[in-house]
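[1] structural data only, the sequence is not supplied:
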(Lines give C-alpha, C1' and ligand atoms only; values in the text may rest on other atoms or scores of the structure.)
Protein backbone atom coordinates (compact mmCIF):
# COMPACT_ATOMS: atom_id res chain seq x y z
CA UNK A 1 0.00 0.00 0.00
CA UNK A 2 1.32 3.42 -0.98
CA UNK A 3 2.46 5.67 1.84
CA UNK A 4 1.40 9.30 1.50
CA UNK A 5 3.22 11.81 3.67
CA UNK A 6 1.75 15.28 3.96
CA UNK A 7 4.15 17.91 5.30
CA UNK A 8 2.56 21.23 6.20
CA UNK A 9 3.82 24.40 7.83
CA UNK A 10 1.61 26.13 10.38
CA UNK A 11 -1.20 25.02 12.64
CA UNK A 12 -4.89 24.63 11.91
CA UNK A 13 -6.51 27.09 14.28
CA UNK A 14 -10.15 26.64 13.26
CA UNK A 15 -12.03 23.56 14.46
CA UNK A 16 -13.96 23.21 11.18
CA UNK A 17 -10.68 22.87 9.26
CA UNK A 18 -9.31 20.32 11.74
CA UNK A 19 -12.58 18.35 11.46
CA UNK A 20 -12.50 18.40 7.66
CA UNK A 21 -8.88 17.23 7.59
CA UNK A 22 -9.63 14.47 10.10
CA UNK A 23 -12.54 13.24 7.97
CA UNK A 24 -10.44 12.99 4.81
CA UNK A 25 -7.54 11.44 6.72
CA UNK A 26 -9.95 8.78 7.99
CA UNK A 27 -11.33 8.15 4.49
CA UNK A 28 -7.85 7.90 2.99
CA UNK A 29 -7.06 5.01 5.34
CA UNK A 30 -8.84 2.71 2.89
CA UNK A 31 -6.44 3.65 0.08
CA UNK A 32 -3.05 4.47 1.56
CA UNK A 33 -0.99 4.79 4.71
CA UNK A 34 -1.23 8.50 5.46
CA UNK A 35 1.24 10.34 7.66
CA UNK A 36 0.61 13.99 8.41
CA UNK A 37 3.48 16.13 9.72
CA UNK A 38 2.77 19.66 10.89
CA UNK A 39 5.78 21.94 11.30
CA UNK A 40 5.99 25.23 13.15
CA UNK A 41 5.63 28.39 11.08
CA UNK A 42 8.30 31.02 11.67
CA UNK A 43 7.10 34.15 13.44
CA UNK A 44 7.40 37.35 11.45
CA UNK A 45 6.60 40.99 12.21
CA UNK A 46 3.21 42.35 11.09
CA UNK A 47 4.83 43.89 7.99
CA UNK A 48 7.95 41.84 7.29
CA UNK A 49 10.69 42.86 4.89
CA UNK A 50 11.63 40.65 1.96
CA UNK A 51 14.84 39.71 3.80
CA UNK A 52 12.86 38.66 6.89
CA UNK A 53 10.51 36.58 4.75
CA UNK A 54 13.42 34.93 2.91
CA UNK A 55 15.18 34.12 6.19
CA UNK A 56 11.99 32.64 7.66
CA UNK A 57 11.43 30.50 4.57
CA UNK A 58 15.03 29.29 4.75
CA UNK A 59 14.57 28.22 8.38
CA UNK A 60 11.29 26.49 7.52
CA UNK A 61 12.87 24.79 4.52
CA UNK A 62 15.54 23.15 6.66
CA UNK A 63 12.82 21.53 8.78
CA UNK A 64 10.78 20.57 5.69
CA UNK A 65 13.69 18.96 3.84
CA UNK A 66 14.62 17.03 6.98
CA UNK A 67 11.13 15.43 6.88
CA UNK A 68 11.21 14.40 3.19
CA UNK A 69 12.24 10.75 2.89
CA UNK A 70 15.08 10.38 0.37
CA UNK A 71 13.26 7.57 -1.45
CA UNK A 72 9.91 9.40 -1.70
CA UNK A 73 8.51 11.14 -4.76
CA UNK A 74 8.18 14.73 -3.53
CA UNK A 75 5.50 17.17 -4.69
CA UNK A 76 5.76 20.85 -3.71
CA UNK A 77 2.56 22.86 -3.86
CA UNK A 78 3.35 26.27 -5.32
CA UNK A 79 1.77 28.84 -7.61
CA UNK A 80 4.21 28.19 -10.45
CA UNK A 81 3.50 24.47 -10.40
CA UNK A 82 1.67 22.47 -13.03
CA UNK A 83 -2.11 22.30 -12.82
CA UNK A 84 -3.68 18.85 -13.19
CA UNK A 85 -7.24 17.66 -13.52
CA UNK A 86 -8.51 15.16 -10.95
CA UNK A 87 -8.06 12.39 -13.50
CA UNK A 88 -4.49 13.51 -14.28
CA UNK A 89 -3.67 13.58 -10.56
CA UNK A 90 -5.05 10.04 -10.23
CA UNK A 91 -2.86 8.92 -13.14
CA UNK A 92 0.20 10.62 -11.63
CA UNK A 93 -0.31 8.99 -8.22
CA UNK A 94 -0.79 5.62 -9.89
CA UNK A 95 2.36 6.04 -12.01
CA UNK A 96 4.40 7.10 -8.97
CA UNK A 97 3.11 4.11 -6.97
CA UNK A 98 4.51 1.74 -9.61
CA UNK A 99 8.03 3.04 -9.01
CA UNK A 100 8.01 4.39 -5.46
CA UNK A 101 6.48 3.21 -2.21
CA UNK A 102 6.00 6.73 -0.87
CA UNK A 103 4.78 10.07 -2.13
CA UNK A 104 5.40 13.20 -0.09
CA UNK A 105 3.38 16.39 -0.57
CA UNK A 106 4.52 19.72 0.89
CA UNK A 107 2.41 22.79 1.68
CA UNK A 108 4.41 25.78 2.87
CA UNK A 109 3.54 28.60 5.20
CA UNK A 110 1.53 31.69 4.29
CA UNK A 111 4.61 33.00 2.44
CA UNK A 112 5.04 29.78 0.45
CA UNK A 113 8.11 27.60 0.06
CA UNK A 114 11.78 28.40 -0.32
CA UNK A 115 13.62 27.70 -3.55
CA UNK A 116 15.51 24.92 -1.75
CA UNK A 117 12.29 22.97 -1.15
CA UNK A 118 11.07 23.58 -4.70
CA UNK A 119 14.40 22.36 -6.08
CA UNK A 120 14.26 19.24 -3.88
CA UNK A 121 10.79 18.39 -5.20
CA UNK A 122 10.33 15.97 -8.08
CA UNK A 123 7.22 17.87 -9.15
CA UNK A 124 5.68 21.27 -8.56
CA UNK A 125 1.90 21.27 -8.36
CA UNK A 126 -0.53 24.17 -8.45
CA UNK A 127 -4.07 23.37 -7.39
CA UNK A 128 -5.52 26.53 -8.91
CA UNK A 129 -4.64 29.96 -10.21
CA UNK A 130 -6.77 31.25 -7.34
CA UNK A 131 -5.09 32.01 -4.01
CA UNK A 132 -6.21 30.03 -0.95
CA UNK A 133 -5.16 30.27 2.70
CA UNK A 134 -2.56 27.58 3.34
CA UNK A 135 -4.73 26.12 6.13
CA UNK A 136 -7.62 25.60 3.71
CA UNK A 137 -5.22 24.14 1.16
CA UNK A 138 -4.73 21.14 3.45
CA UNK A 139 -8.42 20.28 3.20
CA UNK A 140 -8.43 20.86 -0.56
CA UNK A 141 -5.33 18.71 -1.08
CA UNK A 142 -6.62 15.87 1.11
CA UNK A 143 -9.91 15.90 -0.81
CA UNK A 144 -8.05 15.91 -4.15
CA UNK A 145 -5.96 12.90 -3.08
CA UNK A 146 -9.06 11.10 -1.84
CA UNK A 147 -10.81 11.83 -5.15
CA UNK A 148 -7.76 10.58 -7.09
CA UNK A 149 -7.81 7.24 -5.27
CA UNK A 150 -11.55 6.95 -5.95
CA UNK A 151 -10.96 7.62 -9.65
CA UNK A 152 -8.36 4.85 -9.68
CA UNK A 153 -10.87 2.46 -8.15
CA UNK A 154 -13.72 3.59 -10.39
CA UNK A 155 -16.07 4.55 -7.55
CA UNK A 156 -18.96 6.98 -7.92
CA UNK A 157 -17.48 9.54 -5.50
CA UNK A 158 -15.57 11.45 -8.17
CA UNK A 159 -18.55 12.10 -10.43
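    On my side now, so go ahead. Nothing here was measured: the structure is a model prediction, and the numbers come from that model. Numbers count the residues shown, from 1 in each chain.
[2] now residue 124. Its backbone dihedrals?
    Backbone torsions of residue 124, given as degrees, to the nearest 10, read phi -110, psi 130.
[3] so it sits against residue 74, correct?
    No. Here residue 124 does not reach residue 74: they are 9.9 Å apart, not a contact under CB atoms under 8 Å. C-betas here are computed from N, CA, C, even on glycine.
[4] who has more neighbours, those two?
    Each of residue 124 and residue 74 has its neighbours counted (other CB atoms under 10 Å); residue 74 has more, 24 against 18.
[5] that one contacts residue 64, correct?
    No. Residue 74 lies out of contact with residue 64 (CB under 8 Å); the separation is 9.7 Å.
[6] list the residues that contact both of these two?
    Listed contacts common to residue 74 and residue 64 are residue 106; contacts here mean CB atoms under 8 Å, 6 or more residues apart in numbering.
[7] identify the bridge partners of residue 34.
    residue 4 (DSSP bridges).
[8] please read the previous query as pertaining to residue 82.
    Under DSSP bridges, the beta-bridge partners of residue 82 are residue 125.
[9] what pLDDT does it get?
    pLDDT, residue 82: 97.
[10] is it in contact with residue 122, as I believe?
    No. Between residue 82 and residue 122 there is no contact under CB under 8 Å: 11.8 Å.
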